[in-house]
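Colleague: Give me coordinates for this.
(2 chains)
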Amino acid sequence: MRYFVEQMTLGLTNGAIYALIALGYTMVYGIIELINFAHGDIFTVGGLIGLTAIGLLGLDHASPALVIPGVVVVFAVAMTLNGLVGVAIERVAYRPLRNAPRLAPLITAVGMSFVLEGIIFLLKGSNDISYPNLLPSGSLNLGLASIGLSNIIIVLIAVVLMVALNQFIQRTRIGRAMRATAQDRDAARLMGININRTIAITFFIGSALAAAGGIINGFYLETIRFDQGFRAGLIAFTAAVFGGIGNVVGASIGGFVIGIIIALVTGYFQGGGQWSDVVVFSILILTLVFRPTGLLGMRVPEK
Amino acid sequence: MKSKKRLSLGKGLAAAGRSQTFLYLGIGIILILFPIFDSDTSQVNVAAVAGVWILLALGLNIVVGYAGLLDLGYAAFFAIGSYAFAILASGQFNIHISFWILLPASALIAAFFGVLLGAPTLRLRGDYLAIVTLGFGEIVPRVFRNASIFTGGVNGIVGLDQPKVPPVLGWSGNFGFNPIPWYYLILAVIIVSLFLINNLRNSRLGRAWMAIREDEVAAAATGINTVTTKLLAFALGASFSGFAGTYYASKLFLVAPESFSFQAVSVVVLVMVVLGGMGNIRGVIVGAILIYFIQTYLLIQLPGWITSATAALNIDFLTKLDIGSYVQRSNYLIFGIILAGIMLLRPQGLIPSAQRKVELELGTSDEAVADLGSA
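Modeller: Just a heads-up that it's a prediction; the model follows:
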């Protein structure tokens, strides 16, 4: 039982990170039907911006009283800047191709992924960069098992962000514009919605959430690497597909489910760690083949 | 008046065709005589490996350029071809099937896996296909790495068989590590492939691919079986990759799982095709040679030159900057800029095919109509 709880904790924690990335994929796909291959690397960039902010604020050796407000500032700065990175990529690379044949923006997205990875590689090299863990190190004893405080905080941050996002999309004017644009861009435009602005906001929010995921991932693994976004991005995309692409709640749940699946495969099968990626990517293919709308998918992809 | 004009245009084309024939003949003669001028055969070896990449690019061009399907897992078929040969022609299980049988067989095996993956997924829309192939491309090398009983795991399989032919002109007939026979083999394969692809392109099938690429709904309406047609492109592209894999593995004498990653193969071949010009054979060959040159020569030599140049200049500031090490690490950025830059600024590639150019520049205006119709 103790072992099971440990594995579930691990799965939920990683799942929270995957979910935060998956939200960006699903929102962008929902609104412009583009697989934003660069999103995994936007996640890495967000983590690096966070790392830079931590360094500038000197948080890795600040007094404990300063750490909490400091971390809040780090999140705010990294999420804002990374959001702008996402908006810039959309503006420069995707918007000019919005009416081009489908192949063009897809290839451009792969290209932007390599541009981001290439820039990080150029500046930081290919080694693991150490990341300070600013989360508390204690653990909560539940009798059956003890759960790390950091795990609880990570899941909490992710859930708070997800709920906030969902409220934003469901309750606000901009959220309504996003839903309308996703449903029918031309009709939305006729209703007076500024399509370009709405799409830019979608990229901003998706990239901001990826930055939060990137910082949490850095805290949790205590390391960051230029190409971590490739694997994390593909896993998160699986989560988005699994939950039903275009569906924000689905992506959140999908992230946790995929995280748990990885943890259980790794924890309960001999040499499972080597096979967990194979299992996840097989889920990706099988979901797309047999249930392309995902578990919770409402949007039926045309063609 | 009009017919006269067309006639003169036809004459012009014929003249252009004749001068092109001479050009190709010239290139062919140079390529055949090339090993004679390279005394230490190191350049012949480079050219033979470049040939592998040309073959890969030609194969991917069928999938991406002709049929308009984005295959991001092209390395998987390369890996399948390599490992099929490695398992069936080495000491691993003491099976030693002839290279000359396995070369076409591996193309068939790769095509089989292409069909296996393509049959259920080619019904999906294009962007889903891209992510499915990306997933497949990540699965295959991991399976080869993990199934170590069959594949030697991380270390791969070493000591693969190498082809033999009857002795001619005092040459023993053993390929071994002698690059000259390898060079002529890949040259012959590429020439045969070029004839094959060229004919295929102008055949009913080739025209069906391009019809699907331009407008799948319209193509289906004219009676083209879109799934079968796409599947053929996918399988044919995969067979090129498998074929190249066997050649590459045997020439290299070994296989190892990490040489088949997305970053090492799939994207590189895609960059070659996109840079040269999707759908244009000449463009794709030029793209393959350019990227191969950049990756295996320029990015390796340039840092050294820059370092020695800055050392010679003896400016402290420049030496400290260490530009050379940045250049060495710039391959990802270069690939990314080529992919995004070409798509944004010159989607037809460096050497465009006339048809593809029109299509990519103007877009297929029918698409918007189709979207409105289905919404």
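Colleague: Tell me how many other residues crowd the residue of the stretch 151-300 of chain A found nearest chain B.
Modeller: Proximity of the stretch 151-300 of chain A to chain B (CB to the nearest CB) peaks at A:Phe281, 4.0 Å away. The C-beta positions use only the backbone N, C-alpha and C, and glycine is treated the same way. Using other CB atoms under 10 Å in any protein chain shown, A:Phe281 is surrounded by 26 other residues.
Colleague: where's the one helix or strand it maps to relative to the chain centroid, distance-wise?
Modeller: Using DSSP states H and E, A:Phe281 sits within helix A:272-290. Distance, stretch centre to chain centre, for helix A:272-290: 19 Å (CA atoms, centre = their mean, to the nearest Å).
Colleague: Give the buried residues for it.
Modeller: For helix A:272-290, burial by neighbour count (16 or more other CB atoms under 10 Å in any protein chain shown) applies to A:274-281, A:283-285, A:287-289.
Colleague: Would you agree B:Pro303 is in contact with B:Ser325?
Modeller: Yes: checked against CB atoms under 8 Å, the pair B:Pro303 and B:Ser325 is within contact range at 6.4 Å.
Colleague: Please say which of the two ends up with more neighbours.
Modeller: The neighbour comparison of B:Pro303 against B:Ser325 (other CB under 10 Å) goes to B:Pro303, with 19 against 14.
Colleague: Excluding residues flanking it in the chain, which one is nearest that one?
Modeller: Leaving out its chain neighbours, the residue that sits closest to B:Pro303 by CB to CB, 6 or more residues apart in numbering or on different chains is B:Gly324, at 3.5 Å.
Colleague: Report the next helix or strand after the helix or strand encompassing the one you found in sequence order.
Modeller: Take DSSP H and E as the rule and B:Gly324 turns out to sit in helix B:323-328. Next helix or strand after helix B:323-328 toward the C-terminus (DSSP H and E): helix B:331-345.
Colleague: how about that next one: buried residues?
Modeller: B:331-344.
Colleague: on contacts alone, who are the packing partners of that helix?
Modeller: The contact analysis (3 or more CB pairs under 8 Å, 6 or more residues apart in numbering or on different chains; DSSP states H and E) places helix B:331-345 against helix A:103-124, helix B:267-276.
Colleague: what sits up against it?
Modeller: With contact meaning CB atoms under 8 Å, 6 or more residues apart in numbering or on different chains, helix B:331-345 is reached by A:93, A:96-97, A:100, A:104-105, A:107-108, A:110-119, A:121-122, B:263, B:267-268, B:270-271, B:274-275, B:294-295, B:299, B:349.
Colleague: go on, stretch B:217-231?
Modeller: Against stretch B:217-231 from outside (CB under 8 Å, 6+ apart): B:67, B:69, B:115, B:118-119, B:122-123, B:205, B:208-209, B:211-212, B:216, B:366, B:370.
Colleague: Dump the buried residues of helix A:272-290 to TSV, plus pLDDT and distance to A:Phe237.
Modeller: Listed next are the buried residues of helix A:272-290 as TSV, based on pLDDT from 0 to 100; distance: CB to CB, whole Å:
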residue	pLDDT	distance to A:Phe237
A:Gln274	85	21
A:Trp275	90	19
A:Ser276	91	16
A:Asp277	91	13
A:Val278	93	16
A:Val279	94	15
A:Val280	94	10
A:Phe281	94	10
A:Ile283	93	11
A:Leu284	93	7
A:Ile285	93	12
A:Thr287	91	11
A:Leu288	90	10
A:Val289	88	15
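Colleague: can you pull the pLDDT of the nearest residue to A:Gly214 once chain neighbours are set aside?
Modeller: Spatial nearest neighbour of A:Gly214, chain neighbours left out: A:Gly47 (2.9 Å); criterion: CB to CB, 6+ apart. Note for A:Gly47: predicted pLDDT of 97.
Colleague: A:Leu84 too?
Modeller: 98.
Colleague: Show me where the stretch 101-250 of chain A dips below the pLDDT cut-off.
Modeller: The stretch 101-250 of chain A contains no residues with pLDDT under 70.
Colleague: again, only this time at 90
Modeller: Low-confidence segments of the stretch 101-250 of chain A, defined by pLDDT under 90: A:101-102, A:125-126, A:135-147, A:183, A:244-247.
Colleague: need the residues of it near chain B, please.
Modeller: Proximity of the stretch 101-250 of chain A to chain B, by CB under 8 Å from any CB of the partner chain, involves residues A:101-108, A:110-119, A:121-122, A:125-126, A:184, A:186, A:227, A:230, A:234, A:237-238, A:241.
Colleague: Just the buried ones from these?
Modeller: Buried among these by 16+ other CB under 10 Å: A:101-108, A:110-119, A:121-122, A:227, A:230, A:234, A:237-238, A:241.
Colleague: For chain B, just list every one of the strands.
Modeller: B:89-90, B:95-96, B:157-158, B:254-255 (DSSP state E).
Colleague: The stretch 1-150 of chain A now?
Modeller: Remark: strands assigned in the stretch 1-150 of chain A by DSSP state E, counting those that start in this stretch are A:129-130, A:139-141, A:146-148.
Colleague: Figure out how far the first one is from the centre of its chain.
Modeller: Okay, so that is strand A:129-130. On CA atoms, centre = their mean, the centre of strand A:129-130 falls 20 Å from that of its chain.
Colleague: So which elements touch it?
Modeller: strand A:223-224.
Colleague: Next, count neighbours for the residue of the stretch 101-250 of chain B found nearest chain A.
Modeller: Closest approach between the stretch 101-250 of chain B and chain A, counting by CB to the nearest CB: B:Gly135, at 4.0 Å. Per other CB under 10 Å, the neighbour tally for B:Gly135 reads 29.
Colleague: quick revisit: adding distance to chain A, mean neighbour count and mean pLDDT, write the strands of chain B out as JSON lines.
Modeller: Formatted as JSON lines, the strands of chain B follow (distance: least, CB to the nearest CB, whole Å; neighbours: other CB atoms under 10 Å in any protein chain shown; pLDDT from 0 to 100):
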{"stretch": "strand B:89-90", "distance to chain A": "23", "mean neighbour count": "23", "mean pLDDT": "88"}
{"stretch": "strand B:95-96", "distance to chain A": "26", "mean neighbour count": "12", "mean pLDDT": "90"}
{"stretch": "strand B:157-158", "distance to chain A": "18", "mean neighbour count": "20", "mean pLDDT": "90"}
{"stretch": "strand B:254-255", "distance to chain A": "18", "mean neighbour count": "22", "mean pLDDT": "91"}
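Colleague: Nearest to B:Pro181, out of those strands?
Modeller: strand B:89-90 (17.0 Å; CB to CB).
Colleague: Including distance to A:Arg173, could the strands of chain B go into JSON lines?
Modeller: As requested, these are exported to JSON lines (distance: least, CB to CB, whole Å):
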{"stretch": "strand B:89-90", "distance to A:Arg173": "66"}
{"stretch": "strand B:95-96", "distance to A:Arg173": "68"}
{"stretch": "strand B:157-158", "distance to A:Arg173": "62"}
{"stretch": "strand B:254-255", "distance to A:Arg173": "58"}
